[in-house]
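J.: Provided below are the primary sequence and the corresponding predicted coordinates.
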Amino acid sequence: MKRRFKIESIPNPGARVYSWIARKSPPLRDLCIEVAEEVTSKIIAGRILDVGTGPAYLPVEIAKRAPNLEIVGIDLSPAMVAIATKNAEKWGISDHVRVQRANAADLPFEDGYFDLVVSTLSLHHWLRPSECLKEINRVLKKNGEAWIYDARRDTTKEVNAQFRERYGWLLAFVFLNLVRAHSSITVREIDEILSSPEIRFSRKTVVDKGVILKLQLVK
Ligand SMILES: C[S@@+](CC[C@H](N)C(=O)[O-])C[C@H]1O[C@@H](n2cnc3c(N)ncnc32)[C@H](O)[C@@H]1O
């Protein structure tokens, strides 16, 4: 894979700026709600891991819809973990949403601990993606799934036009031209990651969701 400059763990003040943007930005809010709805249409009890949880908006949205789920969010950035912990307290869900600092490449959980692993907009940050996916596989139960969503850089003109229609030209310009330049992934990059012999999922599917790619892996 072509080496791109990557910041793996978001430091402060970037963490605070990101949390503000993720709360206010319609495309990021919509993604969070769409993923929370997809997750809770599959599972309403059991354990979920959110990898690279950032400000924990996804665990918050999932917990609002399915209070019987036990949700763990992990993030490499101590600043993000602090923000996420405050958010879980603010929303009154800290009894079933726990956030802790950890690296996706070295998860502090026993084998087969989670029913589902999710992740949004984090994969493009991972410095060792195959090790992260190997770890995700290890902590999943048998037949458990990992749903990893990230922004797609190699979109068609039609997809870009639909995005502009939905969010307006200013947001579309910022997202499609500025944000995606460094915070995104292509189908080819995903295929390269998945070709690693370390990754042993029984099924690996890349789902095209317009400006988002969903990597759906079954243990
Ligand atoms: C762009 S933010 C996305 C946050 C959140 N998932 C969302 O959708 O708003 C990416 C997050 O991934 C975290 N991250 C990057 N590499 C990581 C790794 N190897 N292990 C755990 N977290 C990681 C960063 O610290 C950052 O908080």
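T.: Here it is on my side, so go on. Please read all numbers here as calculations on a predicted model, not as lab measurements.
J.: So which residues on this protein come close to the ligand?
T.: With C-beta under 6 Å from any ligand atom as the criterion, the chain meets the ligand at residues 8-10, 22, 51-54, 57-58, 74-77, 80, 103-105, 120-122, 125-126, 132. (C-beta placed from N, C-alpha, C; glycine too.)
J.: In ChimeraX, how would I select the buried members of those?
T.: A single ChimeraX command suffices to select whichever of the residues of the chain next to the ligand are buried according to 16 or more other C-beta atoms under 10 Å:
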select :9,10,22,51,52,53,54,57,58,74,75,76,77,80,103,104,105,120,121,122,125,126,132
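J.: Okay, and which of the residues of the chain next to the ligand map to strands?
T.: In this view, the residues of the chain next to the ligand that belong to strands under DSSP state E are 51, 74-75, 120.
J.: for stretch 94-107, what is the average pLDDT?
T.: Stretch 94-107 shows a mean pLDDT of 95 in the predicted model.
J.: ok, now stretch 13-22?
T.: On average, stretch 13-22 scores 88.
J.: Need the residues that contact it.
T.: 7, 10, 28-29, 32, 54-55, 57, 77, 79-80, 83, 87 (C-beta atoms under 8 Å, 6 or more residues apart in numbering).
J.: now do stretch 67-75
T.: 9, 40, 43-54, 56, 58-59, 62-63, 81, 84, 93, 96-102, 104, 107, 109, 114.
J.: so how far is it from its chain's centroid?
T.: 13 Å (C-alpha atoms, centre = their mean, to the nearest Å).
J.: residue ranges of the helices in this structure, please?
T.: In the chain, the helices defined using DSSP state H lie at 14-24, 26-42, 57-65, 78-90, 129-139, 157-167, 169-173, 180-182, 187-194.
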